[in-house]
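Asker: here is my input, please return the structure:
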Amino acid sequence: MWLSVSSLVSFASQILLRDAAALSAGTAGALDRVPLEIGVFGLFCLLNILELALVPTTFLNLGLIEVVEDFVERQSRAEEDTPYAIDAPK
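Answerer: Down below sits the predicted model:
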């Protein structure tokens, strides 16, 4: 998660702003490659935003799985400790 945050901050605040400034001023060495670089790093930013949007859902699903696994484990231990009516001594 923090890798996505740091990538997003780095790409947006350094690379995209630098390229936008160079494109608007026309001072880039290879001006024809600047839009391509903006598109590539813009795509990286978009992917990082989408990944961060999925994080809460993923953690909620993992939490639910942990709770269900714990419940099943407790149920199986409780059934092992409690004899069934068939197994009860007569």
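
Asker: isn't Ala20 right up against Glu37?
Answerer: No: between Ala20 and Glu37 no contact is recorded; they are 10.5 Å apart, counting by C-beta atoms under 8 Å. Where you see a C-beta, it was placed from the backbone N, CA and C, and this is true even at glycine.

Asker: so between those two, which is more surrounded?
Answerer: Glu37 (17 against 12; other C-beta atoms under 10 Å).

Asker: give the contact list for the more buried one.
Answerer: Ile15, Asp19 (C-beta atoms under 8 Å, 6 or more residues apart in numbering).

Asker: count of neighbours near Phe41?
Answerer: Using other C-beta under 10 Å, Phe41 has 19 other residues around it.

Asker: ok, Cys45 next?
Answerer: Neighbours of Cys45 using other C-beta under 10 Å come to 18.

Asker: check contacts around the nearest residue in space to it that is not next to it in sequence.
Answerer: Counting by C-beta to C-beta, 6 or more residues apart in numbering, Phe11 is the residue found nearest to Cys45 once chain neighbours are left out, at 5.1 Å. Counting by C-beta under 8 Å, 6+ apart, Phe11 touches Phe41, Phe44, Cys45, Asn48.

Asker: between the residues you listed, which sits nearest Leu16?
Answerer: Nearest to Leu16, judged by C-beta to C-beta, of these is Phe41 at 5.6 Å.

Asker: helix or strand for the closest one, which one?
Answerer: Taking DSSP states H and E as the definition, Phe41 sits inside helix 34-81.

Asker: what about stretch 33-50, distance to the chain center?
Answerer: 18 Å (C-alpha atoms, centre = their mean, to the nearest Å).

Asker: got the buried residues for it?
Answerer: Going by neighbour count (16 or more other C-beta atoms under 10 Å), the buried part of stretch 33-50 is Val34, Glu37, Ile38, Phe41, Phe44, Cys45, Asn48.
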